[in-house]
Every structure is written in C-alpha cells, then in structure tokens.
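Participant: below are the sequence and a predicted model; questions follow.
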Amino acid sequence: MNSLSGKVVLVTGAGRGIGAATARHFAQAGAVLGLMARSAATLADLAAETGGLALPGDVSDPGAMTDAVARLVDRHGRLDVLINNAGVIDPIAPLEAADPEEWGRAIDINLKGVFHGFRAVLPVMRAQGGGTVLTVGSGAAHNPQEGWSAYCASKAGALMLTRAADLEYRGDGIRAISLSPGTVATDMQRRIRHSGVNPVSRLDWEVHVPPEWPARALEWMCTSDADAWLGDEVSLRDPAIRARLGLGA
C-alpha cells in the first residue's frame, strides 16, 4: 500500500466501531487525523491516543460539517481524505410502526450527512488538485431487510451520492468509492442482534468481522490500486478482496 504518512484525513463517526478502529489504524500508518463525532468526551480520549484533532459535531448539521473541515484545513493546510462513516441503524421497526421523527433522523445522518461531507470537502479538494472521499455503505443498499426501511433507503441513497460525485468530479481528481463492509462486530451489530427482527439479527456472532478489517480496506481504498472501483462499491464479503488485503476467509 502507498503510505498514508502525512496525509490529512477526516473520519466521521469516529467515536466508536468502524470509525474508531479506522482512526487508530490510520494513525499507526502515519496519517494526520481529524476526528468528528457527537460525543466530545469520547473524542477527547481518542484524540489523545491518536494525536488527532477532536472535532465534536453532528454530520446531520451542514454547518457543523463545514466547520469541522475548515478547522482541520486551517490547522494543516489541506485535506486529503474524508471517510464518511457516521451512521445509525434505528429505527428498527416495520414501516407502519416507525416513528417519523426517528426515521427522518436516520436519513439526516446516513444520507444527508454523506451529502454534507461531500459538499464541505469538494471545494477544498478541487482547489488542491484532488482528494479521496470514502463512504462506509452496506449490503442493505441493495437488499431490503425487515424493519430496516430507513437504514436500507439511506444506504442506497448514499451509494448513489458516491456515483454522482464520481460522475461530476472525477475529472477534478476526486476519488469517490463506497465500502460495503459486511456484518461487523460493533455496538451497532449488538443492537441489531438484540432486536431479533430479521435474519441478520440471528447470525452467529462469530461470523461478524472485526472492525479492523474495514479499517484495513479503507486504507487500501486510499491507494491507486483501488482505482478500478472509482464511483462504485468495494465489498468486503468478496473473497478476492479479502485475499487482496491479506484478510481471513
């Protein structure tokens, strides 16, 4: 892999799960980090551990997203990579029983948060001659699951945003790729398991991959070796991808 040493990277949803694992992995690879999440206390600990800049904020707020990017660029002069990772699974409920406000909140975070991320970084990346935007997606973008209408709809929309960004900005040096990580052993997966709503909730815990696997995939996606997937999705369920990254079966 190409070195991430000195690359300026902003990770949203950095407080836990895939985001926290990615922050730790990228820090070990030499990246200069901006860490965004709603919990300032959690970010403070992770920033101390990784040397990153804590940027408390909610991706559903376009002003907060723009401010986080501006603060990071003001400190380091550029932004090489944005990882749109922030996401929620709730509400887990049938369509007719889902709370409209909670359903809309999922769209605000999972879909509009990705839009706000793209919108905040594109002027910076275009001005500096390029950059990479990676969005943590889901197989739910392609396959509906009972009780997940908001999650599936938002992830499908986020994948289309990646495709739209690639169509509009690849010529400006913008690399936009989505990652479908499969089922990952995180707090979100525990929430899914507790719900018991659909087949995903009944999977054996041992089948879920550790969050370090998506972190490794995201590192690889920052390199030119992943350019065949520009405007598309990398699936960590694909055995060829796992083999390429040196991950288990």
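Facilitator: Thanks, I have it.

Participant: could I get the full set of strands for the protein?
Facilitator: Secondary structure of the chain (DSSP state E): strands located at 8-12, 32-37, 53-56, 81-84, 131-136, 174-180, 233-235.

Participant: name the helices or strands packed onto the last one?
Facilitator: Put plainly, it is strand 233-235. Secondary-structure packing of strand 233-235 (3 or more Cβ pairs under 8 Å, 6 or more residues apart in numbering; DSSP states H and E): strand 174-180. Just so you know, the C-beta spots here come from the backbone N, C-alpha and C atoms, and that holds for glycine as well.

Participant: next, the residues that contact the strand it packs on from outside, please.
Facilitator: Strand 174-180 is contacted from outside by 118, 122, 125-126, 130-139, 141, 158-159, 162-163, 165-166, 169-170, 214, 217-218, 221, 226-227, 229-237, using Cβ atoms under 8 Å, 6 or more residues apart in numbering.

Participant: any quick ChimeraX command for the buried ones out of the residues you listed?
Facilitator: Typed into ChimeraX, the line below selects the buried ones among these, using 16 or more other Cβ atoms under 10 Å:
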select :118,122,125,131,132,133,134,135,136,137,138,139,141,158,159,162,165,166,169,214,217,218,221,226,229,230,231,233,234,235,236
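
Participant: in this protein, which helix or strand is least confident?
Facilitator: One helix or strand of the chain scores below all others by mean pLDDT, DSSP states H and E: helix 187-195, with a mean of 77.

Participant: now it - C-alpha only, CSV.
Facilitator: C-alpha atoms of helix 187-195 as CSV (Å, rounded to 0.1, in the frame of the first residue of the first chain):
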residue,chain,number,x,y,z
ASP,A,187,-22.1,-1.9,19.2
MET,A,188,-24.5,-1.4,16.2
GLN,A,189,-24.4,-5.1,15.5
ARG,A,190,-25.2,-5.8,19.1
ARG,A,191,-28.3,-3.5,18.7
ILE,A,192,-29.3,-5.5,15.6
ARG,A,193,-28.8,-8.8,17.5
HIS,A,194,-30.9,-7.6,20.4
SER,A,195,-33.8,-6.6,18.0
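
Participant: heads up, I number from 140, so please use that
Facilitator: Will do, 140 is the new start, and the previous item becomes helix 326-334.

Participant: so what touches that helix?
Facilitator: For helix 326-334, using Cβ under 8 Å, 6+ apart, the contacting residues are 155-156, 226-229, 231, 286, 322, 339-342, 344, 347.

Participant: what are the buried residues along that helix?
Facilitator: 327-328, 331-332, 334.

Participant: what does stretch 238-246 give?
Facilitator: Applying 16+ other Cβ under 10 Å to stretch 238-246 flags 242, 244-246 as buried.

Participant: kindly report the same for stretch 163-173.
Facilitator: Using 16+ other Cβ under 10 Å as the test for burial, stretch 163-173 gives 163-166, 168, 170-173.

Participant: residues in contact with the residue lying closest to Val220 once chain neighbours are set aside?
Facilitator: Spatial nearest neighbour of Val220, chain neighbours left out: Val148 (4.3 Å); criterion: Cβ to Cβ, 6 or more residues apart in numbering. With contact taken as Cβ under 8 Å, 6+ apart, Val148 is in contact with 165, 170-173, 218-222.

Participant: can you tell me how far Val148 sits from His164?
Facilitator: Separation of Val148 from His164 (Cβ to Cβ, to the nearest Å) stands at 11 Å.

Participant: repeat for Arg381
Facilitator: Counting by Cβ to Cβ, the gap from Arg381 to His164 is 16 Å.

Participant: noted, bye for now.
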